[in-house]
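Asker: Fold the stuff below for me.
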Amino acid sequence: MNIKRTLKFIIQRIVRGWTDEDTWSMDWTISKYILPRLKRFKKINNGYPNEFKSIKEWNGVIDDMIFSFNAIANQIETPMDDCLVINFDKDYEKDEKGNTIIRFNPNKEQKIALKKYKKESKILNDKIQKGLDLFGKYFRGLWW
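Answerer: Next up, the predicted model:
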């Protein structure tokens, strides 16, 4: 551990309440901050924006937001199953600049697993994006 950098971060946290380290993966940092506050907001909130018909409907939207920030904060990703764990047959080539290019040649089962992984990843990422979009859309409605 770099003592000079650690001291720098301690001083930054004391002076401004956060460190440069917090900017390295801001999606994660911001999600870790927002997630517990959204959960608490849902518990103590007693109203909802005008476009909703009920607190239940509004809480459903908040649940979508919570899902997204939880997925980011806890780095939830689509499990890769066997599709990327298995070693692919690899062809190594050199390009015109001498850089090594690796070409993967998955077998039939690996191709099926990769297709499944891509489909499930898209579903998960779309769900995360939906919650983030709702957070942006209703950001000014997060008060009680």
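
Asker: Now for D27: which residues touch it?
Answerer: The contact partners of D27, taken as Cβ atoms under 8 Å, 6 or more residues apart in numbering, are I72. Any C-beta I mention is one placed from the backbone N, CA and C, and that applies to glycine too.

Asker: let's have the chain start at 34 instead
Answerer: Sure, I'll start numbering at 34, so the last one becomes D60.

Asker: Which helix or strand contains it?
Answerer: If you go by DSSP states H and E, D60 is part of helix 59-77.

Asker: which parts of that helix are buried?
Answerer: For helix 59-77, the buried set under the neighbour-count rule, 16 or more other Cβ atoms under 10 Å, comprises 62, 64, 67-68, 71, 74.

Asker: same question, stretch 160-167
Answerer: Neighbour counts over stretch 160-167 (16+ other Cβ under 10 Å) mark 161, 164-165, 167 as buried.
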